[in-house]
Each structure stands twice: as structure tokens, then as C-alpha cells.
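Asks: output the structure for:
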Amino acid sequence: MKECMVIHEKDNVAVALRDLNANECIQIQEQTVTIQEPVPKGHKVALRLIKKSEDIIKYGFPIGHATEDILPGQWVHIHNTKTNLEGIQDYQFCQRLQPNPFQNQQLTFRGYKRKNGKVGIRNGLWVVPTVGCVNGIAEQIIKQFSEEIGDISPFDHTLVIKHQYGCSQLGDDHQYTRAILSDIIQHPNAGGVLVLGLGCENNSLAELKETLDDFDEQRVKFLNSQDVANEIEAGVQLLKELYEAAKEDKRQEVPLSELKIGLKCGGSDGFSGITANPLLGKFSDFLVAQEGTTVLTEVPEMFGAETILMQRAINQEVFEKIVHLINDFKQYFLSHNQPIYENPSPGNKAGGITTLEDKSLGCTQKAGTAPVVDVLKYGERIKTKGLNLLSAPGNDLVASTALAAAGCHMVLFTTGRGTPFGTFVPTVKISTTTELYQSKRHWIDFNAGSLLEGHSWDKVLSDFISYVIQVANGEQTNNEKSGFREIAIWKMGVTL
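Replies: Numbering: from 1, shown residues only. Sure thing, here's the model as predicted:
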């Protein structure tokens with residue numbers, strides 16, 4: 001196994017593939033480098049003299065500049081590196097599109113066809129509270145229904161979409177709550193939905209209902225708890241009606257073009273941009289070649305790599321949307337008197353990520369090389385097949401919820417440090433290293449770390465495509481097995 005990896009021919013740093021010791025001599029490409037000090041695994045080591053104020057190059061792009069002279073073999077990290085990023089920028093449209101390296105293979109998966117023509121990969125029975133006050137009631141309704149029915153098939157799971165909002169909210173917060181819940185109610189992974197209100201919340205059941213498209217009244221039911229004598233009995237009865245409507249639901253072969261996938265990373269490390277994120281990028285290009293859809297979010301983790309995405313805009317209109325996506329998000333930081341570039345996180349830094357450019361250039365690799373066909377606002381649903389961008393923060397729960405609410409059937413989640421959570425759709429965890437995969441087998445679903453151990457890209461990608469199709473066909477992810485299905489709604493305003 002190699003000691004270090006140089007990602008791009010222009011780079012002046014390499015990534016340590018193991019812990020490097022002071023004074024050892026290692027071969028990096030065609031040169032011998034003497035390690036000047038201990039360099040942790042996943043961190044960067046200088047390949048040559050990098051003078052003070054000179055750019056540090058990784059992935060072929062600057063990730064910041066040196067704050068002091070850095071000798072060959074020295075550790076390159078937060079103690080001697082600073083970001084180049086600052087303020088809101090002006091951008092010019094300079095389109096650079098690449099041909100997709102993959103062909104349409106006419107593949108299929110087994111999903112649930114809905115009355116409106118959409119397809120789900122799960123057949124869930126969901127209770128969606130309009131307000132956090134009725135979370136407990138919703139759980140009691142599900143519990144009593146399950147006890148009375150016994151076998152809940154053809155539903156493959158029951159779920160209360162618990163949250164703490166829906167009342168005492170104003171402005172964007174109120175609209176965001178309503179939009180996300182409306183999206184969830186209409187999600188094709190639900191075979192039946194009971195929308196449960198209290199009766200006095202400002203996210204009223206009647207107004208929420210008006211935001212829904214032409215929904216199937218046999219599959220979506222509504223109940224205000226204050227309007228009935230016994231809300232548990234009334235709720236159970238409505239779930240039984242949903243059960244009857246879903247009795248004949250069965251999986252059918254559908255084209256892979258129907259699949260919609262969210263792309264997310266969290267707990268990133270120095271290997272995220274080498275293994276797991278590029279794997280998702282190749283998968284994204286593959287799925288787009290099948291006429292499917294992928295969605296990239298985490299806007300603050302596009303800062304420093306945004307021009308790469310802008311060059312891939314399918315047209316001028318989409319370019320302008322990307323510009324607004326980036327600058328509007330920067331303005332969001334400034335409006336709260338917060339620094340735009342307060343990133344990466346402590347865990348990211350411990351894993352070898354030094355600056356936001358370092359993080360973003362690794363993060364955006366999840367989007368592959370396909371053209372960007374549309375940009376979605378927070379709470380909007382997918383309208384165009386292909387690679388989409390979505391406005392949402394980097395927070396794992398908020399961003400994953402936004403991806404699922406946009407209509408993604410599952411979220412592919414890369415991680416270098418590990419996390420157990422999942423949102424209300426299957427959340428596939430992909431480890432950056434074999435070490436993490438082996439230590440957290442109950443969290444991690446797929447190991448991209450094998451790419452560091454001599455496994456070919458073609459083999460790992462083929463295995464990953466097969467695994468994603470298996471999940472679409474019904475194989476449970478670890479978050480589903482554990483019952484970890486959470487949502488988080490973006491909040492930025494006043495609570496009454």
C-alpha cells in the first residue's frame with residue numbers, strides 16, 4: 001500500500017494514507033520526501049517548498065494559502081494555512097460541459113407505482129402531524145392500529161413524522177414548515193398518510209391541505225383532534241381505511257430513470273474527497289445517463305468550488321440560479337452577523353480537512369461531471385430529471401430532510417467519522433475507509449475504503465450500483481433496521 005496519494009498533477013501537497021513518522025523517507029510518485037514531523041492519516045504533507053502567501057493546491061485547485069514557509073515533508077494544516085475566500089463575489093457565465101462517460105443500460109428496479117404516475121421504493125404508512133403538540137397522539141394511534149391489525153403488510157413500515165413546529169411561527173419559518181410537511185405528505189414512498197392536526201395551530205390542517213397537488217383521497221386522510229370525542233379511535237379508523245386501500249399494493253418493474261437520489265456527506269475526513277465522494281460522483285453520472293435524477297445540497301460546502309458547478313450550468317438561466325443560490329446563502333450568514341467561512345467543523349479538521357475550499361472541493365465531487373439542469377429553493381420538489389442543486393444548509397438532519405422532501409427516494413450519505421442517523425427515506429451510509437466500515441457495521445451500509453486497498457473503480461462502482469438497486473427493491477438500510485427516521489425543518493426566524 002502507498003504511503004501517500006497525490007490527487008491531481010498540479011497539487012503541491014499529498015494526502016497521507018497512514019500515520020507518517022518524523023524523519024522517515026517515503027517515495028511519492030518519482031520523488032523521495034523526508035517527513036519533517038508526524039503527519040496523521042488523512043492529513044496533508046507538503047511535496048515541495050511552499051512559500052508564505054503561496055497557494056496550497058489540492059484537487060488541482062487552491063484550498064487556501066500558506067501563512068508561513070512550509071518545507072517539503074511538513075504537515076500542512078490549520079496551523080500554517082488560511083482560506084482565500086472572502087465576501088460576496090461577482091461571477092461570469094463560462095460554460096464547460098463534459099460528455100457523460102456512461103451509457104443508458106435500460107436497467108430497472110422494483111417499485112410501487114402510484115395513481116399520479118410517480119413511483120416509490122417503500123410502501124410506508126405515515127402519520128404526519130401538522131404541529132408538534134400531537135406527536136404523542138400520533139404515536140398512540142399508530143400503536144393501537146398495529147396492535148389491532150397485527151400484520152401490517154402490504155405496508156413495510158409505520159412511521160410518525162415527528163417535529164416540534166407548526167405553531168407560533170412567523171414568516172419564512174412558518175412557510176418552510178408548511179412546505180416540508182406538504183412535500184412529505186405527497187412523497188411517493190408513502191402508501192398511506194394520515195395528516196393529524198390539533199385544531200388551533202397556525203399551520204392549520206385546512207390551509208396545509210390547499211398546498212397539496214391533486215392527491216389520492218384514498219391514500220391521504222385528515223383528522224383534527226379537537227373536532228372529535230376520541231381522536232385515538234378516529235385516527236385508528238382512518239388508518240384502517242388506508243390499510244384497505246393499500247391491500248393490493250405490489251412491487252412492479254420500473255425503469256431506473258424513475259429513481260431520484262439525494263447526495264449528502266457528513267463527518268467528512270481527508271479521505272472523503274478521495275474515495276466515497278468521487279464514488280457518488282461516478283454513480284451520479286451513471287444515474288443521469290439512465291435518465292434518472294440526483295440532487296446535491298449543502299450550499300455552504302459549495303463555497304470555494306461554486307465556479308466549477310456554475311461552469312456546468314445547462315444554460316444561462318440555470319447559471320443565474322446558481323449565482324443566486326450561492327450569494328443569497330452568503331447574505332443569510334451576513335444578515336445574522338456571522339462569518340461566511342466558519343467551516344469546516346472540529347471533526348472535519350481532526351480528519352484532515354483544513355479550509356472550506358478543501359472541504360468544498362471534496363464535497364462537490366459527489367455531483368460528478370454532469371450538467372446542472374435546475375436549482376431548487378428550500379422546500380421545492382424536483383421538476384427536471386438530471387443533476388439538480390438544492391438550497392439547504394450543511395447540517396446533516398436539515399439537509400437530508402430537505403433532499404427527501406424534494407422527492408428523493410433515498411439519500412446517499414458519505415462519512416469519514418460515522419453517524420447513525422437517518423431521515424424518513426432510506427439513508428445509505430458510505431464509509432471513506434475500511435477501518436470505519438469494520439468498526440461501525442451497524443451504521444455503515446457500504447465501504448468505499450476498499451478503493452484505498454487496490455480494488456478497482458469499475459468493480460467498486462459496479463458493486464455500489466447493484467447495492468443501490470437492491471435498496472430500491474426493498475433491502476433495508478441500517479437506519480431502517482434501527483428505526484432511526486428523523487426530520488429537521490430549517491428554522492431561522494422568530495418563535496412567538
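Asks: what sits closest to residue 38 if chain neighbours are left out?
Replies: In this structure, residue 38 finds its nearest non-sequential neighbour in residue 22, 5.6 Å apart by Cβ to Cβ, 6 or more residues apart in numbering. All C-beta spots, glycine's among them, are computed from the backbone N, C-alpha and C.
Asks: next, work out how far apart the one you found and residue 81 are.
Replies: Residue 22 is 20 Å from residue 81, where distance means Cβ to Cβ, to the nearest Å.
Asks: settle it for me: which of these two has more neighbours?
Replies: residue 81 (22 against 12; other Cβ atoms under 10 Å).
Asks: quick revisit: mind checking the SS state of the residue nearest to residue 38?
Replies: Assigned by DSSP: H, G, I helix; E, B strand; the rest coil, the conformation of residue 22 is coil.
Asks: run through the residues that contact it.
Replies: 35-38 (Cβ atoms under 8 Å, 6 or more residues apart in numbering).
Asks: can you rerun that using 6 Å?
Replies: Going by Cβ atoms under 6 Å, 6 or more residues apart in numbering, residue 22 touches 35, 37-38.
Asks: give me the pLDDT for the residue most central in space within the chain.
Replies: Closest residue to the average C-alpha location of the chain: residue 264 at 2.5 Å, with Cα atoms, centre = their mean. For residue 264, the pLDDT comes out at 98.
Asks: who's in contact with it?
Replies: Contacts of residue 264 (Cβ under 6 Å, 6+ apart): 399-400, 411, 413.
Asks: which helix runs longest in this protein?
Replies: Determined from DSSP state H, the single longest helix within the chain is helix 316-335.
Asks: and it, what's buried?
Replies: 318-319, 321-323, 325-327, 329-330, 332-333 (16 or more other Cβ atoms under 10 Å).
Asks: quick one: distance of it to the chain centre.
Replies: 19 Å (Cα atoms, centre = their mean, to the nearest Å).
Asks: following it, which helix or strand shows up next?
Replies: Counting by DSSP states H and E, the next helix or strand C-terminal to helix 316-335 is helix 346-350.
Asks: average model confidence for that next one?
Replies: Across helix 346-350, the per-residue pLDDT values average to 89.
Asks: after that helix, next one along is what?
Replies: Criterion used, DSSP H and E; the element after helix 346-350 is helix 356-363.
Asks: name the helices or strands packed onto that next one?
Replies: Judged by 3 or more Cβ pairs under 6 Å, 6 or more residues apart in numbering; DSSP states H and E, the packing partners of helix 356-363 are strand 61-66.
Asks: helices or strands up against the following helix or strand past the strand it packs on?
Replies: Proceeding N to C from strand 61-66, the next assigned helix or strand is strand 75-76, under DSSP H and E. Helices and strands touching strand 75-76, by 3+ Cβ pairs under 6 Å, 6+ apart: there are none.
Asks: how many neighbours does the closest residue to residue 314 other than its chain neighbours have?
Replies: Computed as Cβ to Cβ, 6+ apart, the closest residue to residue 314 that is not its neighbour in sequence is residue 371, at 4.5 Å. Other residues lying near residue 371 total 17 when counted by other Cβ under 10 Å.
Asks: and the pLDDT at residue 371?
Replies: 98.
Asks: from what I can see it touches residue 311, true?
Replies: No - at 9.8 Å, residue 371 does not count as touching residue 311 under the criterion of Cβ atoms under 6 Å.
Asks: wasn't residue 102 part of a strand?
Replies: No - using three-state DSSP, the secondary structure at residue 102 is coil, not a strand.
Asks: show me what contacts the closest residue to it other than its chain neighbours?
Replies: Leaving aside its chain neighbours, residue 102 sits nearest to residue 289 (3.8 Å; criterion: Cβ to Cβ, 6+ apart). With contact taken as Cβ under 6 Å, 6+ apart, residue 289 is in contact with 100, 102, 104.
Asks: next, find the distance separating residue 289 from residue 28.
Replies: For residue 289, the distance to residue 28 - Cβ to Cβ - is 35 Å.
Asks: same deal with residue 328?
Replies: 42 Å.
Asks: quick one on the thing from earlier: quick one: the residue nearest to residue 38 from residue 205, how far?
Replies: Where residue 205 is concerned, residue 22 sits at a distance of 66 Å (Cβ to Cβ).
Asks: quick one: residue 133 is in a helix?
Replies: Yes - according to three-state DSSP, residue 133 belongs to a helix.
Asks: and residue 79, helix, strand or coil?
Replies: coil.
Asks: residues near it, how many?
Replies: Neighbours around residue 79, by other Cβ under 10 Å: 9.
Asks: and what of residue 465?
Replies: Neighbours of residue 465 using other Cβ under 10 Å come to 18.
Asks: and for residue 240?
Replies: 13.
Asks: looking at the strand or helix carrying it now, give me its mean pLDDT.
Replies: Per DSSP H and E: residue 240 is located in helix 231-245. Across helix 231-245, pLDDT averages out at 98.
Asks: longest strand of the chain?
Replies: Scanning the chain for the longest strand, with DSSP state E as the assignment, gives strand 190-197.
Asks: distance from the chain centre to the next helix-or-strand element following that one, please.
Replies: Scanning forward in sequence from strand 190-197 by DSSP H and E, the next helix or strand is helix 205-210. Chain-centre distance of helix 205-210: 29 Å, with Cα atoms, centre = their mean.
Asks: cool, and stretch 231-251?
Replies: On Cα atoms, centre = their mean, the centre of stretch 231-251 falls 31 Å from that of its chain.
Asks: please apply the same query to stretch 18-35.
Replies: 36 Å.
Asks: buried stuff in it?
Replies: Buried residues in stretch 18-35 (16+ other Cβ under 10 Å): 20, 26, 28, 33, 35.
Asks: Provide the contact partners of the one helix or strand residue 464 maps to at residue level.
Replies: Using DSSP H and E, the element containing residue 464 is helix 457-473. Outside helix 457-473, the residues that touch it by Cβ under 6 Å, 6+ apart are 109-110, 121, 282, 426, 446, 450-451.
Asks: just list whatever residues bridge to residue 128.
Replies: Using DSSP bridges, the beta-bridge partners of residue 128 come out as residue 195.
Asks: what number of residues lie near it?
Replies: 26.
Asks: do the same with residue 171
Replies: Neighbour tally, residue 171, other Cβ under 10 Å: 10.
Asks: give the helix, strand or coil label for the residue nearest to it when sequence neighbours are not counted.
Replies: Among residues not flanking residue 171 along the chain, residue 493 sits closest, at 5.1 Å (Cβ to Cβ, 6+ apart). Put simply, residue 493 is coil when judged by three-state DSSP.
Asks: give me the element the residue sitting furthest away from the middle of the chain is part of.
Replies: Here the chain has its C-alpha centre computed as a mean, and the residue farthest from that point, by Cα atoms, centre = their mean, is residue 229 with 42.1 Å. Using DSSP H and E, residue 229 sits within no helix or strand.
Asks: where do the strands of the stretch 351-496 of the chain begin and end?
Replies: Secondary structure of the stretch 351-496 of the chain (DSSP state E, counting those that start in this stretch): strands at 372-376, 386-390, 410-415, 427-431, 446-447.
Asks: can you put the contacts of residue 264 in a markdown table and add distance to residue 391, neighbour count and pLDDT?
Replies: What follows is the contacts of residue 264, written out as a markdown table (distance: Cβ to Cβ, whole Å; neighbours: other Cβ atoms under 10 Å; pLDDT from 0 to 100):
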| residue | distance to residue 391 | neighbour count | pLDDT |
| --- | --- | --- | --- |
| 399 | 10 | 28 | 98 |
| 400 | 14 | 28 | 98 |
| 411 | 16 | 28 | 98 |
| 413 | 19 | 30 | 98 |
